[in-house]
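Engineer: what's the 3D shape of this:
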Amino acid sequence: MIPYSVLDLSPIPEGATAADALRNTLHLAQEAERLGYNRFWLAEHHNMTGIASAATAVVIGHVAAGTQRIRVGAGGIMLPNHAPLVIAEQFGTLATLHPGRIDLGLGRAPGTDMLTARALRRNLESSDNFPQDVVELMSYFADAAPNQRLRAVPGVGTQVPVWILGSSLYGAQLAAHLGLPYAFASHFAPGALDDAIEVYRQTFRPSETLDKPYFMLAANVFAAETDAEAKRLQSSMQQAFANLRSGHPGPLPRPVEAIEDVIDPAFRPGVDEALRVSVVGSPANVRAGLAGLIARYQPDEIILTGQIHDHRARVRSFAIAAEAMLSLGGEASSHSQAAE
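Structural biologist: The predicted model follows:
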């Protein structure tokens, strides 16, 4: 019984606005709740004209207020961009407003280019302090000690669940050392996936938070009624990655019939490698693809993402994926309409 979740970047499609993207995010979260998804996570990116979730805690609050029971969180907050106390106050406030529903995933990348990173952070070496910052942040969510002078208010005593996110062995080692759940960014950087899972599971140290490893696999899903339509939908994300790699990021492109006609051949291998942990196709092929990922990596949970230009097609893609997970014995959350 594997829970299944959603990672949403609140994409801004060509021809649309950030307001459209945020409305679509809330609607997708409401549909995800109905379809039995366990979590709905949003990610911190800055100075990206195709992503509307830069103020991640604000968007999480909007989604949590517009849903009833699905867990909502960050996948993730790039902690070196922030003082731990500020994040503790933000997520402590969210957890106070929405008890038992808020998750906090933490990463150490800036989530942007270096020019923007300088605008976000006074000290570009702050990522070197990531382990200490994680421990400090977690301490603000704990019960206050007698005569404790520094507290996150709200935040103290909320026990917000903290995850480590990563795309290298660094995050795997840290999550194992701290005894925290771990999510690997295999949806865009799968190179170290196998090694990271092995390191995390073999070196995990039980903690007050977790008595055994808990690994969440991230995968792209592009599902439609036919394989051809699913591949067409995927072409938007392929173009977006090629644009990013070539230094020209922008809104999420419209899909095309033949991706080879619009991507520079020099960038195609890199795009294919970045997106290789993807499931693309009709309902039957999506089911088979998800089954293959689960069999290979044995995740405790799977989180699905997929930037699709047309919002209705994106919602349908996640619906097909939910149907596939249920048919594979996936665990629908108790908040789903089917469970009710």
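
Engineer: tell me the strands in the chain, going along the chain?
Structural biologist: Secondary structure of the chain by DSSP state E: the strands cover 4-8, 39-42, 71-78, 102-107, 162-166, 182-184, 215-223, 278-281, 301-305.

Engineer: Redo those strands as a markdown table? Include mean pLDDT.
Structural biologist: Output for these, formatted as a markdown table (pLDDT from 0 to 100):
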| stretch | mean pLDDT |
| --- | --- |
| strand 4-8 | 98 |
| strand 39-42 | 98 |
| strand 71-78 | 96 |
| strand 102-107 | 97 |
| strand 162-166 | 97 |
| strand 182-184 | 98 |
| strand 215-223 | 98 |
| strand 278-281 | 98 |
| strand 301-305 | 98 |
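
Engineer: Which of those sits closest to residue 288?
Structural biologist: In terms of Cβ to Cβ, the element of these nearest to residue 288 is strand 278-281, at 8.2 Å. (Glycine included, C-beta is placed from N, CA and C.)

Engineer: Pairing partners for the closest one, with directions?
Structural biologist: Within its sheet, strand 278-281 is paired with strand 215-223 (parallel), according to DSSP bridges.

Engineer: now the strand it pairs with against strand 162-166, angle please.
Structural biologist: 60 degrees (axes from the mean of the first three to the mean of the last three Cα atoms, to 10 degrees).

Engineer: If I take strand 215-223 and strand 4-8, what angle do their directions form?
Structural biologist: With the same axes, to 10 degrees as the basis, strand 215-223 and strand 4-8 are set at 70 degrees to each other.

Engineer: Only C-alpha atoms, please: export strand 215-223 in PDB.
Structural biologist: Extracted as PDB, the C-alpha positions of strand 215-223 are listed here (Å, rounded to 0.1, in the frame of the first residue of the first chain):
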ATOM      1  CA  PHE A 215      11.800   7.300   1.100                       C
ATOM      2  CA  MET A 216       9.700   9.200  -1.400                       C
ATOM      3  CA  LEU A 217      10.400   8.800  -5.100                       C
ATOM      4  CA  ALA A 218       9.600  11.800  -7.400                       C
ATOM      5  CA  ALA A 219       8.500  11.000 -11.000                       C
ATOM      6  CA  ASN A 220       7.000  12.900 -13.900                       C
ATOM      7  CA  VAL A 221       3.700  11.700 -15.300                       C
ATOM      8  CA  PHE A 222       2.100  12.600 -18.600                       C
ATOM      9  CA  ALA A 223      -1.000  10.600 -19.000                       C
END
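
Engineer: Redo the strands of the chain as JSON lines? Include distance to residue 146 and mean neighbour count.
Structural biologist: Conversion of those to JSON lines gives the following (distance: least, Cβ to Cβ, whole Å; neighbours: other Cβ atoms under 10 Å):
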{"stretch": "strand 4-8", "distance to residue 146": "38", "mean neighbour count": "26"}
{"stretch": "strand 39-42", "distance to residue 146": "35", "mean neighbour count": "28"}
{"stretch": "strand 71-78", "distance to residue 146": "30", "mean neighbour count": "26"}
{"stretch": "strand 102-107", "distance to residue 146": "26", "mean neighbour count": "26"}
{"stretch": "strand 162-166", "distance to residue 146": "24", "mean neighbour count": "25"}
{"stretch": "strand 182-184", "distance to residue 146": "33", "mean neighbour count": "28"}
{"stretch": "strand 215-223", "distance to residue 146": "36", "mean neighbour count": "26"}
{"stretch": "strand 278-281", "distance to residue 146": "52", "mean neighbour count": "23"}
{"stretch": "strand 301-305", "distance to residue 146": "37", "mean neighbour count": "23"}
